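1. structure for this input, please:
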Amino acid sequence: AHIVTVALEPWFSSWAALSNAGMVLPGGIMLFEANGKGKGKSKGREERVAAMLAQDVKAPVVPAQQRLCLKILVASLEAGAVLGKNGEKIRAIEQITNAVMQMSARDSMYPGTALQELRIWGATEEVILAGAQYAFGQITDQVGVLACGEKGVDPQEARVRIVLPTVCAQGLLGEEGKTLAQMRVQTGMNVHVDPTMIPPGASPEVTEQVVCFSGPLDGAVLVLQACAGFLSQVWSEPWFEAWASTSNCGIDIPGLTLALDRELIAAAKVAAKNKGAAVAAKLAAGDLDPIAESSSAFAEATAALVQQQQEINVAQMAAAIQAAAQQALVVSMAQGAASSGQNVLVAVKLLVADAEAYCVLGQDGSTLSEIQAATSTSMRVADGGHYPGTSLHELTIQGMSAEAVLLALIHVVTIVMEVLGKMASGDEQVEKGQVRMKLVVPAKAAASIIGVGGASVKQICQQCSVRIQ
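-> Residues are numbered from 1 along each chain as shown. I've put the predicted structure just below:
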């Protein structure tokens, strides 16, 4: 319940998608003694980063043939937030995530824009995703909004520009726009592929295009995941290494200005305003079924994308969906249902020992797949190493309701108990039939669990007959 209370926060999806497993914290040891030992003062985040930087440990260089690469465009102010003073922030992110990161020079802009390019290399999707998520975190923390240089962006919104090989960008435009429409529904963000290939006139095998995303801040993480997935499908192509190792920043192309998605956003705002006014009028007249109107509006807009692909362009399609989404929002807010908690991502992270992780995974991941199918959740065991300061693996469970996540958690405990007779989570001297669980929760949720003066945690202990540390 305490996790559900923060599931609507804009940062929650980032927390749910990011794993700290494998992070090296010099001297860091997690203490789980039940008698309360080890409660000394902990270093703050800045002190921990400073401690890592003081050791001058360079991020490992990933073999070129195993590299994935993600290219993100950022405004100069955002680039400064990622770099930090004398590059200390980006070096810390590299060490934490095992990614290799490079920011283009301040005066070396991406062609046709006033944006710098951040390139992130890693051996796996998880590595480049972690690097990108930490970079976005620095931007929102230091700048206050992920706007990519655009003005008037609400802090709860985001503008993301990702550079993809033309092969990937054109793949998004394939199937008569259906891939774009599906991505819009999955991420909640408008998607626009700038038609200009960089560098202009070159063969598609060596060119790239900017893909623009606009929408809710929590959709930025989903966008990163989707783009990383596209890149993982082509990294073995013979041209990929050359693309990953090359930057077009600083190339002077006279007269070139990328439109990006500015016209699309302007059109969407006009359409949304018109749709919102129409809904408000219906609501005032009492001629509106809120639930039917919000769901059917979005369904009709989505159906229009499939039926009228030949008649409207990408910008108009995105604007239609944006308008329908805004219409649904007007209706929901009018009925006080905007924070009802429906269809909200809920996640929990559980630390498990080697044997317990094996029980949950099963042979070739079959047991994990069965749990996911039975509970309609998404589960993964972090493969980046142990959780910092422990010898435990991190198991993340995500679902669209607290009930689904709880059911999956019960499945996990039940399977471990059936196979091992107990769930010790790495603790010694745990008797048969007993359960020790170690959950990783956001700091904000942890504060809620503790409560004022420890009142909340005491109540939980009394009601559930458990001990919490």
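
2. rest of the way, CA atoms for contacts and neighbours
-> Noted.

3. pLDDT below threshold where in the stretch 201-350 of the chain?
-> Scanning the stretch 201-350 of the chain with the threshold set as pLDDT under 70 gives 261-344.

4. hmm, try it at 80
-> By pLDDT under 80, the weakly predicted segments of the stretch 201-350 of the chain are 203-205, 261-345.

5. for Trp15, see how far away Asn86 is.
-> Per CA to CA, to the nearest Å, Asn86 is found 27 Å from Trp15.

6. and His393, how far from Thr113?
-> To Thr113, His393 is 43 Å away according to CA to CA.

7. looking at those two, which has the bigger crowd around it?
-> His393 (26 against 15; other CA atoms under 10 Å).

8. right, and the more buried one touches Val360 too?
-> No. Using CA atoms under 8 Å as the test, His393 is too far from Val360 to be in contact (11.4 Å).

9. more neighbours: Asn86 and Trp15, which one.
-> Applying other CA under 10 Å to Asn86 and Trp15 shows that Trp15 carries more neighbours, namely 17 against 9.

10. okay, now the closest residue to the more buried one other than its chain neighbours: neighbour count?
-> Leaving aside its chain neighbours, Trp15 sits nearest to Pro442 (7.4 Å; criterion: CA to CA, 6 or more residues apart in numbering). When neighbours are defined as other CA under 10 Å, Pro442 has 16 of them.

11. what is the neighbour count of Ile468?
-> Count around Ile468 with other CA under 10 Å applied: 14.

12. ok, it to Lys432 distance?
-> 20 Å.

13. now do Pro442
-> 31 Å.

14. and what of Gly171?
-> Counting by CA to CA, the gap between Gly171 and Lys432 amounts to 54 Å.

15. what of Thr140?
-> 47 Å.

16. higher neighbour count, the two?
-> It is Thr140, of Thr140 and Lys432, that has more neighbours when counted by other CA under 10 Å, with 20 against 12.

17. is it fair to say that one lies in a helix?
-> Yes. According to DSSP: H, G, I helix; E, B strand; the rest coil, Thr140 belongs to a helix.

18. which residues sit in contact with it?
-> Residues in contact with Thr140, defined by CA atoms under 8 Å, 6 or more residues apart in numbering, are Leu146.

19. for the helix or strand hosting Val167, name the packing helices and strands.
-> Per DSSP states H and E: Val167 is located in helix 166-173. Applying 3 or more CA pairs under 8 Å, 6 or more residues apart in numbering; DSSP states H and E, we find helix 166-173 packed against helix 178-187, strand 208-216.

20. among the ones you listed, which comes closest to Ile415?
-> Among the helices and strands packed on helix 166-173, the nearest to Ile415 by CA to CA is helix 178-187 (31.6 Å).

21. what angle do that closest one and helix 166-173 make?
-> Put simply, helix 178-187 runs at 80 degrees to helix 166-173, going by axes from the mean of the first three to the mean of the last three CA atoms, to 10 degrees.

22. helix or strand right after helix 178-187?
-> strand 190-193.

23. I'd like to know which elements that next one is packed against.
-> helix 178-187, strand 208-216, helix 314-334.

24. what's the average pLDDT for that strand?
-> Taken as a whole, strand 190-193 has an average pLDDT of 86.

25. same check on stretch 385-400?
-> In this model, stretch 385-400 has an average pLDDT of 85.

26. for it, list the C-alpha coordinates in CSV.
-> Extracted C-alpha coordinates of stretch 385-400, given in CSV (Å, rounded to 0.1, in the frame of the first residue of the first chain):
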residue,chain,number,x,y,z
GLY,A,385,25.6,-8.5,-10.3
HIS,A,386,24.7,-8.4,-6.7
TYR,A,387,22.8,-5.6,-5.0
PRO,A,388,25.3,-3.1,-3.5
GLY,A,389,26.7,-4.2,-0.2
THR,A,390,25.1,-7.7,-0.3
SER,A,391,25.5,-11.1,-2.0
LEU,A,392,21.9,-11.1,-3.1
HIS,A,393,20.1,-10.8,-6.4
GLU,A,394,17.5,-8.2,-7.2
LEU,A,395,14.1,-9.5,-8.4
THR,A,396,11.8,-6.8,-9.8
ILE,A,397,8.1,-7.4,-10.1
GLN,A,398,6.0,-4.8,-12.1
GLY,A,399,2.2,-4.8,-12.8
MET,A,400,-0.6,-2.5,-13.5
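
27. strands of the stretch 1-150 of the chain, start to end?
-> Using DSSP state E, counting those that start in this stretch, the strands of the stretch 1-150 of the chain run over 68-74, 100-103, 116-122.

28. remind me what the shortest one packs against, helices and strands.
-> Applying 3+ CA pairs under 8 Å, 6+ apart, one finds that strand 100-103 contacts helix 88-97, strand 116-122.

29. could these go into TSV alongside mean pLDDT and distance to Leu180?
-> As requested, the helices and strands packed on strand 100-103 are arranged in TSV below (pLDDT from 0 to 100; distance: least, CA to CA, whole Å):
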stretch	mean pLDDT	distance to Leu180
helix 88-97	90	30
strand 116-122	94	24
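
30. the ones you listed: which one's closest to Glu403?
-> Among these, helix 88-97 comes nearest to Glu403, with 32.0 Å by CA to CA.

31. now do the buried residues in the closest one.
-> Using 16 or more other CA atoms under 10 Å as the test for burial, helix 88-97 gives 89-97.

32. may I ask which two of those are separated the most?
-> Top of the distance list for those (CA to CA): Lys89 and Thr97, 12.3 Å.

33. for stretch 128-147, the averaged confidence score.
-> 90.

34. hey, C-alpha coordinates of that stretch in CSV?
-> What follows is stretch 128-147, C-alpha atoms only, in CSV (Å, rounded to 0.1, in the frame of the first residue of the first chain):
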residue,chain,number,x,y,z
ILE,A,128,22.9,2.0,-21.8
LEU,A,129,19.4,2.3,-20.3
ALA,A,130,20.9,2.9,-16.8
GLY,A,131,23.3,5.5,-18.2
ALA,A,132,20.5,7.3,-20.0
GLN,A,133,18.2,7.2,-17.0
TYR,A,134,20.9,8.6,-14.7
ALA,A,135,21.5,11.4,-17.2
PHE,A,136,17.8,12.2,-17.3
GLY,A,137,17.8,12.2,-13.5
GLN,A,138,20.6,14.7,-13.4
ILE,A,139,18.7,17.0,-15.9
THR,A,140,15.4,16.9,-14.0
ASP,A,141,17.2,17.4,-10.7
GLN,A,142,19.5,20.3,-11.8
VAL,A,143,17.4,22.0,-14.5
GLY,A,144,13.9,21.1,-13.2
VAL,A,145,12.5,19.9,-16.5
LEU,A,146,13.5,17.6,-19.4
ALA,A,147,12.7,20.0,-22.2
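
35. state the distance from the closest residue to Ala424 other than its chain neighbours to Lys85.
-> With sequence-adjacent residues excluded and distances taken as CA to CA, 6+ apart, Ala424 is closest to Arg436, at 4.9 Å. Separation of Arg436 from Lys85 (CA to CA) stands at 43 Å.
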